[in-house]
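A.B. asks: Sequence and predicted model, in that order:
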Amino acid sequence: MAAAGLESLFPITDITLMGFAEVLPKIPLVLRRVRETARHALALAPDIMVTIDVPGFSGRLADRLSGRTFPLVHYVAPTVWAWRPGRARTLARRIDHLLTLLPFEPPWFEREGLPATFVGHPVVESGVGEGDGTRFRKRQGLAPDRPLLCVLPGSRRGEVARLLPVFGAVVAALAADRPDLHLAVPTVPAVAETVRTAVAAWALPATVVTGDADKHDAFAASRAALAASGTVSLELAIARVPHVIAYAVNPLSAMIARRLIRVRYASLVNILEDRPVVPEFLQDRCTAGHLLPAVARLLDDPAARLDQQAVGAKIGRDLGGPGAGLSPSRAAARVVAGLMAGSLSQGTLANPGGGLTMNTAEATDTAQQTDRGFKMLHTMIRVHDLEKSIDFYTRLLGMKLFRKKDYPGGEFTLAFVGYGNEKDHHVIELTHNWGQEEAYNLGEGFGHMALGVRGIYEVCETLAENGVKITRPPGPMKHGSTVIAFIEDPDGYKIELIELEGRED
């Protein structure tokens, strides 16, 4: 952001703190920064304000801006699904709209009355998976076949101080059997000198690099990685670098965290997959003795590396954004621009990917119970390839995947997708029968689904570029002026797209 021209009021390191014991001595400084930022924002009176991550700081800032005359948007949802779920209700009182990075997050906040939009994860468009390993090796004078281990000890001073000795011990043990192993150590300017000083004494030669471009090239050149727990685990997964994560905090922080945290894993990769894809070594297990076998296995076992690489490819697709080829940053920008223009409000759920929209009031009307107690819940369609269908409806059509469950006894899986939570909106149930080997015969009874869209010509062009079959190009309907188009989903179900701008009643 600084490279794009942002002038910060203070060093970001003043508020990016982790661990309960680590935060306590910094509280006076953080509160001072909250007061300074609030005064600046109120004096500036912007058209809109966007706060980014750091929930403790951003939440207190929002409280001080309670009398504001401009909308407040927060980017990066607090991890209420991991600990302190009550924060969702608190956040709903503080802000006007939430932009989330993970597809399962919006319902946690929508049920509290806070409009939330999944925009995708910025890591996906960071270039992390587009590094040039050959360029890195040539620049460092490394042979094409020389094994390379990427070591990432963190970006905060505290975590670097705790992990560098442990990682150094792992390197010393690896050096005994792998004297030709080379290390790539990406780091950030704030801790670069500390890292350089430490790795200079390690038992294997190491190349320390700073900057995203060099980091991405190092990822592409590496066979495996040893990393501090954090966003870097997601970066490594998307770059298809098999890795092991480690982390240790102050014992008091660890004790408190164990009482509060509701998830089984630390790595977001494991949380998304709900299984230990990436080996984790935390607190008492963050030792060279525990880490060495796991790192050695990834260096030596192609099958172990392949499993992580396959998961990384899947996660890259899942976190790529809401659909229609729109990047996470553009999806977020579209929501912010819509709020500034007044087209989005507390009453609107927006799909920023390609213009498919559903107004909350309209959706609630269609979902309301009738006088007899009936309520429209969902439409079920049978699909042959469930993952392909989920990708179509979420990535390309901008729907959200609300839940997915296997039923081993009946040998089938159900997945529910739509533009709003199941409590208030009509959704689609995708049914996958495990034993179905042939594509379904759709018969003559089914007609089509219909979706409203803004910018139908551009949307159809983007869908076509993504391989979607356009069975009826966009244009005015035969006996009217409303512009429509027809497409097909992966199973051949027809979907009518209807241009909402200028639509006839």
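C.D. replies: It's in. Numbers count the residues shown, from 1 in each chain.
A.B. asks: in the longest helix seen in the chain, what counts as buried?
C.D. replies: In the chain, with assignment by DSSP state H, the single longest helix is helix 157-177. By neighbour count with 16 or more other C-beta atoms under 10 Å, helix 157-177 contains the buried residues 158-160, 162-164, 166-171, 173-175. Where C-beta positions appear, they are placed from N, C-alpha and C, glycine not excepted.
A.B. asks: cool, and stretch 463-482?
C.D. replies: Those would be 463, 468, 474, for stretch 463-482 by 16+ other C-beta under 10 Å.
A.B. asks: ok, residue 110 touching residue 116?
C.D. replies: Yes - with contact defined as C-beta atoms under 8 Å, residue 110 reaches residue 116; the gap is 5.6 Å.
A.B. asks: So residue 70 versus residue 55, what's the distance?
C.D. replies: Distance of residue 70 to residue 55, given as C-beta to C-beta, to the nearest Å: 20 Å.
A.B. asks: now do residue 495
C.D. replies: With C-beta to C-beta as the criterion, residue 495 and residue 55 are 38 Å apart.
A.B. asks: Next: residue 461.
C.D. replies: 39 Å.
A.B. asks: same thing with residue 29?
C.D. replies: Relative to residue 55, and taking C-beta to C-beta, residue 29 is found at 17 Å.
A.B. asks: Between the two, which has more neighbouring residues?
C.D. replies: residue 55 (19 against 13; other C-beta atoms under 10 Å).
A.B. asks: Just give the closest residue to the more buried one, not the sequence neighbours.
C.D. replies: Closest residue to residue 55 apart from its sequence neighbours, by C-beta to C-beta, 6 or more residues apart in numbering: residue 78 at 4.2 Å.
A.B. asks: contacting residues around the one you found?
C.D. replies: 55, 84, 87, 88, 91 (C-beta atoms under 8 Å, 6 or more residues apart in numbering).
A.B. asks: Next, residue 185: phi, psi?
C.D. replies: Dihedral angles of residue 185 (phi, psi; degrees, to the nearest 10) stand at phi -130, psi 90.
A.B. asks: Kindly state the beta-bridge partners for it.
C.D. replies: residue 208 (DSSP bridges).
A.B. asks: what pLDDT does it get?
C.D. replies: At residue 185, the predicted lDDT confidence score is 97.
A.B. asks: wait, it sits on residue 205?
C.D. replies: No - using C-beta under 8 Å, residue 185 makes no contact with residue 205, being 10.7 Å away.
A.B. asks: Show me which of those two is the more surrounded one.
C.D. replies: Ranked by neighbour count (other C-beta under 10 Å), residue 185 and residue 205 place residue 185 first, with 24 against 14.
A.B. asks: quick one: contacts for residue 428?
C.D. replies: So residue 428 contacts 378, 379, 380, 381, 393, 399, 416, 417, 418, 449 (C-beta under 8 Å, 6+ apart).
A.B. asks: What strand or helix carries it?
C.D. replies: Here residue 428 sits within strand 427-433, counting by DSSP states H and E.
A.B. asks: average pLDDT for that strand?
C.D. replies: pLDDT averaged over strand 427-433 gives 89.
A.B. asks: What residues of that strand count as buried?
C.D. replies: For strand 427-433, by 16+ other C-beta under 10 Å, it's 427, 428, 429, 430, 432.
A.B. asks: Now the element after it, going C-ward?
C.D. replies: Immediately after strand 427-433, counting by DSSP H and E, sits strand 449-453.
A.B. asks: tell me what that following strand is packed against?
C.D. replies: strand 357-359, strand 494-499 (3 or more C-beta pairs under 8 Å, 6 or more residues apart in numbering; DSSP states H and E).
A.B. asks: between the longest one and strand 449-453, how big is the angle?
C.D. replies: Think strand 494-499. Counting by axes from the mean of the first three to the mean of the last three C-alpha atoms, to 10 degrees, strand 494-499 lies at 30 degrees to strand 449-453.
A.B. asks: so what strands line up beside strand 494-499?
C.D. replies: Strand 494-499 is paired, per DSSP bridges, with strand 449-453 (parallel), strand 483-488 (antiparallel).
A.B. asks: what packs against the helix or strand hosting residue 43?
C.D. replies: Using DSSP H and E, the element containing residue 43 is helix 27-44. Applying 3+ C-beta pairs under 8 Å, 6+ apart, we find helix 27-44 packed against helix 55-64.
A.B. asks: CA atoms only: put the helix it packs on into PDB for me.
C.D. replies: What follows is helix 55-64, C-alpha atoms only, in PDB (Å, rounded to 0.1, in the frame of the first residue of the first chain):
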ATOM      1  CA  PRO A  55      -9.800  -6.500  14.800                       C
ATOM      2  CA  GLY A  56      -8.800  -5.200  18.300                       C
ATOM      3  CA  PHE A  57      -7.600  -1.900  16.900                       C
ATOM      4  CA  SER A  58     -10.300  -1.600  14.200                       C
ATOM      5  CA  GLY A  59     -13.100  -2.300  16.700                       C
ATOM      6  CA  ARG A  60     -12.000   0.300  19.100                       C
ATOM      7  CA  LEU A  61     -11.700   2.800  16.300                       C
ATOM      8  CA  ALA A  62     -15.200   2.000  15.100                       C
ATOM      9  CA  ASP A  63     -16.500   2.700  18.600                       C
ATOM     10  CA  ARG A  64     -14.900   6.100  18.600                       C
END
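A.B. asks: Let me know the closest of the contacts of residue 78 to residue 151.
C.D. replies: For these, the residue nearest residue 151 by C-beta to C-beta is residue 55; the value is 29.6 Å.
A.B. asks: From residue 75, how far off is the closest one?
C.D. replies: 11 Å.
A.B. asks: got it, and residue 463?
C.D. replies: Distance from residue 463 to residue 75, by C-beta to C-beta: 27 Å.
A.B. asks: where exactly do the strands run in the stretch 1-150 of the chain?
C.D. replies: 49-52, 72-75, 97-100, 116-118, 148-152 (DSSP state E, counting those that start in this stretch).
A.B. asks: now for those, which one comes closest to residue 491?
C.D. replies: Closest among the strands of the stretch 1-150 of the chain, once you apply C-beta to C-beta, is strand 116-118, at 24.1 Å.
A.B. asks: tell me the mean pLDDT over that closest one?
C.D. replies: Here the average pLDDT along strand 116-118 is 93.
A.B. asks: what do you get for stretch 81-89?
C.D. replies: 89.
A.B. asks: Repeat that for stretch 243-254.
C.D. replies: The model assigns stretch 243-254 a mean pLDDT of 80.
A.B. asks: who are the neighbours of the longest helix of the chain, in terms of helices and strands?
C.D. replies: strand 148-152, helix 192-199, strand 224-228, strand 243-247, helix 288-300.
A.B. asks: Residues contacting that helix, please?
C.D. replies: 18-19, 22, 149, 151, 153-154, 181, 183, 190-191, 194-195, 198-199, 201-204, 226, 228, 246-249, 286-288, 291-292, 295-296, 299.
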